[in-house]
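Trainee: Below are the sequence and a predicted model; questions follow.
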Amino acid sequence: MVKPHLIPRITRYNQTGKHFGHWTVLNYAGKKRWWCLCKCGVLKSVLTHNLTSGRSTSCGCRRHGMSQMPIYAIWAAMVQRCTNPRSRDYHNYGGRGIRVCNRWLLFESFYVDMGSPPFKGATLERKDNNGPYNAGNCCWATRLQQSHNSRRVHLITFNGVANSISQWAEFLGIKVSTLSWRLRHKWSLEQAMQSVCRDQPKCL
């Protein structure tokens with residue numbers, strides 16, 4: 001946030017708190033631009049002249065008419081967590097350097113590249129969890145697939161293959177809670193990775 005005394009005289013008036021169409025001005029962004037929040041939830045920096053002249057009145061959601069659709073909510077959430085320090089998820093995205101490519105800052109371009117979610121509950125996943133949001137690094141995934149790709153997931157390597165606990169449990173045909181219990185109680189990987197408990201007197 002730029003301190004009030006650093007706002008150049010050329011802006012003439014502090015625009016903070018004012019409303020221009022769907023925009024609400026939050027604070028000065030520098031270089032004659034203001035951080036503005038659209039009614040649909042998108043945060044964007046807008047030139048002073050574009051605000052005061054009426055040239056810009058929203059992020060564009062009124063133009064394409066898709067602001068009430070799931071795909072727009074997915075796009076807006078992506079932009080928020082990467083660009084808005086006030087977002088509760090910013091520290092896991094924008095705060096650690098995850099960026100949205102310039103092309104995808106415009107909803108229409110994002111929609112051209114990704115289309116509508118192919119199934120109900122689809123989530124936008126980055127193939128490289130440390131990479132940016134762009135067409136080459138993103139795909140649609142189920143919530144389970146996305147959770148497997150999370151940087152918080154602990155991977156277990158067995159016989160040269162690395163998988164999450166839930167993936168190993170599915171492969172072995174046992175409950176996730178069973179495999180977690182075995183590992184938590186210091187079973188060796190060879191013992192824990194048995195689909196049937198044979199080597200221990202107690203098994204969930």
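Mentor: Thanks, I have the structure now.
Trainee: From here on, just use CA atoms for contacts and neighbour counts.
Mentor: Will do.
Trainee: now for the chain, which residue lies nearest the mean position of the chain?
Mentor: The residue lying closest to the centre of the chain (CA atoms, centre = their mean) is residue 78, at 4.3 Å.
Trainee: any idea what sits nearest it, other than its immediate chain neighbours?
Mentor: residue 100 (7.8 Å; CA to CA, 6 or more residues apart in numbering).
Trainee: Report the contact partners of the one you found.
Mentor: 78, 79, 82, 132, 133, 134 (CA atoms under 8 Å, 6 or more residues apart in numbering).
Trainee: one more time with 7 Å, if that's ok
Mentor: By CA atoms under 7 Å, 6 or more residues apart in numbering, residue 100 lies in contact with 79, 82, 132, 133, 134.
Trainee: In space, what's closest to the last one - neighbours in sequence excluded?
Mentor: With sequence-adjacent residues excluded and distances taken as CA to CA, 6+ apart, residue 134 is closest to residue 101, at 5.6 Å.
Trainee: Surely that neighbour is in contact with residue 133?
Mentor: Yes - when contacts are counted by CA atoms under 7 Å, residue 101 is listed as touching residue 133 (6.1 Å).
Trainee: Neighbour count for the two, which is higher?
Mentor: residue 133 (27 against 14; other CA atoms under 10 Å).
Trainee: Give me the phi and psi for the closest residue to the more buried one other than its chain neighbours.
Mentor: Nearest residue to residue 133 in three dimensions, chain neighbours excluded: residue 100, at 4.7 Å (CA to CA, 6+ apart). As for residue 100, its main-chain torsions (degrees, to the nearest 10) stand at phi -100, psi 130.
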